[in-house]
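Chemist: Generate coordinates for the sequence data below:
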Amino acid sequence: MEHSRLILKDNPKSVDFQMRILKRSGLGEETCLPPLIHYIPPMMEAARGEVETIIFSAIDSLMAKTGIRAKDIDILIVNYSLFSPKPSLSAMVVNNNKLRSNIKSFNLSSMGCSAGLISINLARDLLSDQFNIK
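Modeler: Got it, this is the predicted structure:
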């Protein structure tokens, strides 16, 4: 919250709102947050490196374990709560994994925890449309 107070010093209502959310979230002094959060301003290159490590290794592992090939993937939804780089995370995944150029790609970033539910609903709707499921 110290960072929010410094960054948002001209907007005390936003700081108050963040304090109320933080108190209700269960986060405390012992909560571990990504390194980029500890710097003012946040270190974007460190954040990009962390995201690449996590997302790319998860996708590589999934593809290796399941035998799914890049050309078999029709839909990509990337959800990341705190970070919204340019190019988008979904574009980074498409390029890194050499996914098809006509893939349906969606990037949900900086939407907080609600993006998780939005991502699930989006996946459900896209899959329903793709397979004509009502």
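Chemist: ranges for the helices of this structure?
Modeler: In the chain, the helices defined using DSSP state H lie at 2-7, 12-25, 44-51, 57-66, 89-96, 114-130.
Chemist: Would you mind listing the buried residues in the shortest one?
Modeler: Residues of helix 2-7 classed as buried under the neighbour-count rule (16 or more other CB atoms under 10 Å) are Ser4. (Glycine included, C-beta is placed from N, CA and C.)
Chemist: And the second one, by the same measure?
Modeler: Of the residues in helix 12-25, those scored as buried under the neighbour-count criterion (16+ other CB under 10 Å) are Val15.
Chemist: How far away from the center of its chain is it?
Modeler: 21 Å (CA atoms, centre = their mean, to the nearest Å).
Chemist: Residue numbering should commence at 774 henceforth.
Modeler: Yes, from this point I'll number from 774; that puts the last item at helix 785-798.
Chemist: That one packs against which elements?
Modeler: Other elements packing on helix 785-798 under the criterion 3 or more CB pairs under 8 Å, 6 or more residues apart in numbering; DSSP states H and E are helix 775-780.
Chemist: Counting by contacts, list what the helix it packs on packs against.
Modeler: helix 785-798.
Chemist: and the helix it packs on, average pLDDT?
Modeler: What helix 785-798 shows for mean pLDDT is 81.
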